[in-house]
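1. Test case, fold it:
(2 chains)
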Amino acid sequence: MRVLAGLRLLLWELWLPVALVVVWWFVSASSTSPYFPPLSRIWEAFVENWFGPSFRVDVVPSMTNLALGLAFALVVGVGAGLLLALFPLAGEIAEPFLQFFRAIPALAVLPALFILFGTGSTGNVAAIAFGAVWPILLNTLDGIRSIHPSVRLVARSYRIRPYLLVTNVLLPGAMPQITVGIRTSLAIGVVIMVGSEMYVSTAGIGHFVVVAQQTFALADMWSGILLLGVIGYALNVGYGVIERWLLRWQPRSTSGSK
Amino acid sequence: MLRTRRRQVLLGRLLTLLALAAGWQVLGSSPDADVKAVPKLSAVLAALGDELGTSALATALGETLTTTALGLVLCLLVGIPAGLILAAHPALTISSRFVIDFCRTVPPLAVIPLFLLLMGPTQRMAVSLIIAVSVWPILLQTIHGVRNVDPELLSTARSFGLPLWRRLLFVVGPASMPYVFTGIRISATLSLLLTIGAELIAGVPGLGKEILLSQSVPDRMFALITVAGVLGMALAFAVTAIESRLLAWHHVPRAAA
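-> Residues are numbered from 1 along each chain as shown, chains lettered A, B, ... in the order given. Below you'll find the predicted structure:
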């Protein structure tokens, strides 16, 4: 009975996307507009590019840069957030500076970062890390601050060792907020990955899309856009699984955020 | 006690500011070839002073602001009504979920080349880009907000015989406002990011294009980047101010997400 209900829900969720793709396929089949090639041609280009040599040339560097940048942002963000939360005075002093850095549209800093770190993949990684570190840092700081004071008092009266305090009280307590920060950072990281590759780079999916556009290889360009869409969606779903695992001890709350 | 604490914080902030400035100045005058291209802070400040005197910066700022504001307003006009409609019935919500999720997670800059081909490096292109990308957070949060309105409120309103438009205006609207504002906050940041991105990557007139054009003049480039930072800060501040004004009645303290 429950399987049946689940199946019905799945049907309800999937009919529209399937219908849209089918409509796109048939409407574009006879398209002569150079900007909107038939979906069948896009699909051919997709298979040819992304199951072919471009995967190694463009997808692998992009994803490596993204992973490195995010890992860096995660370590620095959680570490610095934790330190600033442990020393409230320092945290209060740093707050306006952190807010300022977060508010800078990360793409505007691209030229400066490429000057500092060179136009190689170091520049891309630095750009991703710069954009992604602030949400994680601020959410870690805020998450630890919003742990109920009595929890910290209990921890203190038990004289829990500082190391255990951090790993077993503070970080788990802040985890719901940290995961929100990571989700934001993930989205920002992907944006900057694409943007930095479009701005200056010799490899990567963003680079591929721009080159395809400039050489009027429009089916290739569309295949790149589609791939980016798939990657974005896959990262989001994948992170959702990780997030649920990280917060498995929490009672399930309703979806949506305030 | 409290006053000394506040003085400590202010003093600390001042010292941090000075340390950052000094660090920049030292970095700028470093003879190391790798960072030679980074200008001294004093040079950047001088360039900023020069810029403030010219009309080029004002024009570019105006263009960036208009593009961002226009895009954001159009997103509101599209996103909120669409969200209301999609939240009206579970079938609509569930059917649209996958499509919205997918569109929302497409990296926003991916479509710049397509839009550039279709419309060229114009303000129209940047605004279209913003609508195509920033509408999703507002739409999604509107749906969440409307679906999370306390059903008792709704049935009370219905039993009082309030017509639909009044129920929307006086019950659903205020009750879903906190959610919608989360969407607006995300969309505002995203809109500015997209505007700068379109200007920097596609050459749409505005602050980003000026940054791109001044690449060979690092002093000016760093000055313009600083201006972009201040702009981002001002936008975030403005949205938060409007939000706390409109949601003053809302008792749940907002997390800095």
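2. Run through the residues of the stretch 1-150 of chain B sitting next to chain A.
-> B:5, B:8-9, B:12-13, B:16-17, B:20, B:34-35, B:37-38, B:91, B:94-99, B:101-102, B:105-114, B:116-118, B:141, B:144-145, B:147-148 (Cβ under 8 Å from any Cβ of the partner chain). C-beta here means a position set from N, CA and C on the backbone, and glycine is covered the same way.
3. hmm, 6 Å instead?
-> B:9, B:12-13, B:16, B:37, B:94-95, B:97-99, B:102, B:105-110, B:113, B:117, B:144 (Cβ under 6 Å from any Cβ of the partner chain).
4. Keep only those of these that are in helices.
-> Here DSSP state H is the test, and these give B:9, B:12-13, B:16, B:94-95, B:97-99, B:102, B:105, B:113, B:117, B:144 as lying in helices.
5. What ranges does the stretch 151-257 of chain B have for its helices?
-> For the stretch 151-257 of chain B, the helices defined by DSSP state H, counting those that start in this stretch cover B:151-159, B:164-167, B:173-197, B:207-213, B:218-246.
6. and residue 244, how many neighbours?
-> In the absence of a named chain, chain A is used. A:Arg244 is flanked by 12 other residues according to other Cβ atoms under 10 Å in any protein chain shown.
7. other chain: chain B
-> 12.
8. From B:Ala238, how far off is it?
-> 11 Å (Cβ to Cβ, to the nearest Å).
9. can you map out the helices along the stretch 101-250 of chain A?
-> With DSSP H, counting those that start in this stretch as the criterion, the stretch 101-250 of chain A has helices spanning A:110-117, A:121-145, A:149-157, A:162-164, A:171-199, A:205-214, A:218-246.
10. Give me the distance between the first one and the centre of its chain.
-> In other words, helix A:110-117. Centroid separation for helix A:110-117 versus its chain: 21 Å, with Cα atoms, centre = their mean, to the nearest Å.
11. Now the nearest residue to B:Ser42 once chain neighbours are set aside: which helix or strand?
-> Take B:Ser42 and drop its neighbours on the chain: the residue closest to it by Cβ to Cβ, 6 or more residues apart in numbering or on different chains is B:Gln25, 6.6 Å away. Taking DSSP states H and E as the definition, B:Gln25 sits inside helix B:2-28.
12. Flag every buried residue along the next helix or strand after that helix.
-> Where DSSP H and E defines the elements, the next helix or strand beyond helix B:2-28 is helix B:41-53. Residues of helix B:41-53 classed as buried: B:Leu41, B:Ala43, B:Val44, B:Leu45, B:Ala47, B:Leu48, B:Glu51 (neighbour count, 16 or more other Cβ atoms under 10 Å in any protein chain shown).
13. Next: stretch A:37-55.
-> Residues of stretch A:37-55 classed as buried by neighbour count (16+ other Cβ under 10 Å): A:Pro37, A:Pro38, A:Leu39, A:Arg41, A:Ile42, A:Ala45, A:Phe46, A:Asn49, A:Trp50, A:Ser54.
14. Show me how far it is from its chain's centre.
-> Counting by Cα atoms, centre = their mean, stretch A:37-55 comes out at 25 Å from the chain centroid.
15. now it: mean pLDDT?
-> The average pLDDT for stretch A:37-55 rounds to 78.
16. So which residues make contact with it?
-> For stretch A:37-55, the external contacting residues (Cβ atoms under 6 Å, 6 or more residues apart in numbering or on different chains) are A:Trp24, A:Trp25, A:Ser28, A:Ala29, A:Ser31, A:Leu218, A:Ala219, A:Asp220, A:Trp222, A:Ser223, A:Leu227.
17. before we move on, back to that, just put the helices of the stretch 151-257 of chain B in TSV and tack on mean pLDDT and distance to A:Gly81.
-> Below are the helices of the stretch 151-257 of chain B laid out as TSV (pLDDT from 0 to 100; distance: least, Cβ to Cβ, whole Å):
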stretch	mean pLDDT	distance to A:Gly81
helix B:151-159	84	38
helix B:164-167	80	43
helix B:173-197	86	20
helix B:207-213	86	30
helix B:218-246	85	19
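18. As CSV, those with distance to B:Thr64 would be great.
-> Output for those, formatted as CSV (distance: least, Cβ to Cβ, whole Å):
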stretch, distance to B:Thr64
helix B:151-159, 41
helix B:164-167, 37
helix B:173-197, 6
helix B:207-213, 4
helix B:218-246, 7
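19. Quick check: which of those helices is nearest to A:Gly195?
-> helix B:173-197 (5.5 Å; Cβ to Cβ).
20. Quick check: which helices or strands does the closest one pack against?
-> In terms of contacts (3 or more Cβ pairs under 6 Å, 6 or more residues apart in numbering or on different chains; DSSP states H and E), helix B:173-197 is packed against helix B:55-87, helix B:123-147, helix B:218-246.
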